[in-house]
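Student: My questions are about this predicted structure, shown below with the sequence.
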Amino acid sequence: MFAYWMRALAPEGSLWRHRDYMRLFLASTLATLGATVSQMALPLTAVQLLNASATQMGILAACELLPFALFSLPAGVWVDRSRKKRLSATFDFLGAAALALVPVAYLLGVLSLPVLYVAGFIIGCTFAIGGTAMQVFITQLVGRDRLVEANSKLSGAGSIAGIVGPALAAIVVDAVGAPLAITLDACGFLLSGVLVLSIRRDDPPVVTEPRPMWPEVAEGLRMVWRNPLLRSLAVAAAVWIMLFDSFRALYVLFATRELHLSAKDLALINTLGALGALLGAAGAHRLERTRGARPTLILGYLLCGLGYGAYAAMQPGWLFTALGAGLAMLVIDFGATMYSITYISLRQQVTPDAMLGRMTATMRFLSVSAAPIGSAVAGRMGDAVGLHGTLFGVAVLGSLLALGAARWMPATRVEPEAIYELSEQGVMK
């Protein structure tokens, strides 16, 4: 019904009138709505039910990120050789099964941290492989010239789901407990897979001469690393993701144990964060068009660093501690969304179709490989020096990233048709 009215009211030529895009849009929104529930329910299960320490929370976050380091490079070749739509839907179904492990284990009385680690690892595989396939499929579905618009709409819908999700999560967690609440996320993945399969447009598999996998992996690595723009984006993304996921690994533990906040307070924090993401999605397209991609990326880095510091500055017993933490999360997610939309759209815009899968996988490998180590180290530091000090350290490094990008990141306007040739030459015009 929502998709019907959006198509009816949207102007001619709008993506809202693109039937296949709307199915993808709804699939993404449902998956995000479920994910916002797990974003609160999964760490609460670890902290409250299994009494996880900061180190164990870091390990849980690392398990979710480890598949990017292990599988991203071969996944890129797999994606380039496969039907992207079917591959994405398959991993949606795999994600649903992984999430269902948690409530099933709870009901059977065998829930433990290793079960959460396994579920987190499988979910990481879903994003590392299925997510790569979906990013390439979006490019093929809407075209490069509409990528920022398409990604902004998807991010905006995800942000709206993120606003509704925390309130829904608080209600469900209070009603049935954190482990059973994760069932909603499993259902979101399941429905997302069904909707993706219902998209009428399909992409035929790329027919190529049989080649060993690793030379093709090396081709993707060479393309990214020899190009100054993609290389700088990958290095900056590696630092940003390591800091962002270090924060995500500890923010629930900090809120519950240091600030003594409740599940309802966490719902407020996550809701304000989702509102920030919605505003960031709305602002990214406009800022990128008026100021360019480079200033948009740098602003995103800076806002995240400032938000980490504001969150770490919260103290227990303040009258509006939950609200203050929520406003800090608003700033973080505003900056993160503005950065992510611009970063993903830019790297897709400048890559030839035949290399999209390998480029996406290579960028993910180069940028996310250090994140599991960062999350584990952040958890260990949280136990060793305290959560306040660890989060302040993340804030300082986040601000330094913005300064470094302002100094060293190259120009971001590159002709898409020239990128492969330039990568082979190792130069930028």
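Tutor: Yep, it's here. Numbering: from 1, shown residues only.
Student: Name all residues that make contact with the closest residue to L73 other than its chain neighbours.
Tutor: Excluding the flanking residues, the one nearest L73 by CB to CB, 6 or more residues apart in numbering is V217, at 4.7 Å. Where you see a C-beta, it was placed from the backbone N, CA and C, and this is true even at glycine. By CB atoms under 8 Å, 6 or more residues apart in numbering, the residues touching V217 are 73-74, 76-77, 358.
Student: Just the ones in strands from the residues you listed, please.
Tutor: Assigned to strands by DSSP state E, none of the contacts of V217 qualify.
Student: out of those, who's nearest G382?
Tutor: L73 (31.0 Å; CB to CB).
Student: In terms of pLDDT, where does that closest one sit?
Tutor: pLDDT recorded at L73 is 79.
Student: following the host helix or strand of V377, which helix or strand comes up?
Tutor: Following DSSP states H and E, one finds V377 within helix 371-385. Tracing the chain C-terminally past helix 371-385 and defining elements by DSSP H and E, one meets helix 387-408 next.
Student: I'd like to know which elements that next one is packed against.
Tutor: For helix 387-408, the helices and strands in contact under the criterion 3 or more CB pairs under 8 Å, 6 or more residues apart in numbering; DSSP states H and E are helix 228-253, helix 293-312, helix 371-385.
Student: and the angle from the shortest one to helix 228-253?
Tutor: Interaxial angle of helix 371-385 relative to helix 228-253 (axes from the mean of the first three to the mean of the last three CA atoms, to 10 degrees): 40 degrees.
Student: Dump helix 371-385 to CSV, keeping only the CA atoms.
Tutor: In CSV, the C-alpha atoms belonging to helix 371-385 read as follows (Å, rounded to 0.1, in the frame of the first residue of the first chain):
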residue,chain,number,x,y,z
ALA,A,371,37.8,-3.6,12.6
PRO,A,372,37.7,-7.0,14.4
ILE,A,373,41.0,-6.3,16.0
GLY,A,374,39.9,-2.7,16.9
SER,A,375,36.7,-3.9,18.5
ALA,A,376,38.6,-6.6,20.5
VAL,A,377,41.2,-4.1,21.6
ALA,A,378,38.6,-1.5,22.5
GLY,A,379,36.8,-4.1,24.7
ARG,A,380,40.1,-5.1,26.4
MET,A,381,40.9,-1.4,27.0
GLY,A,382,37.4,-0.9,28.4
ASP,A,383,38.2,-3.5,31.1
ALA,A,384,41.8,-2.2,31.6
VAL,A,385,41.4,1.6,31.7
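Student: picking up where we left off before, show me what counts as buried in the helix holding V377.
Tutor: Buried positions in helix 371-385, judged by neighbour count with 16 or more other CB atoms under 10 Å: 371-372, 374-382.
Student: Just give me the closest of those residues to F121.
Tutor: P372 (10.3 Å).
Student: Identify the residues contacting the nearest residue to that closest one once chain neighbours are set aside.
Tutor: Once flanking residues are discounted, P372 sits nearest to A62: 3.7 Å by CB to CB, 6+ apart. If you count contacts by CB under 8 Å, 6+ apart, A62 has them with 371-373, 375-376.
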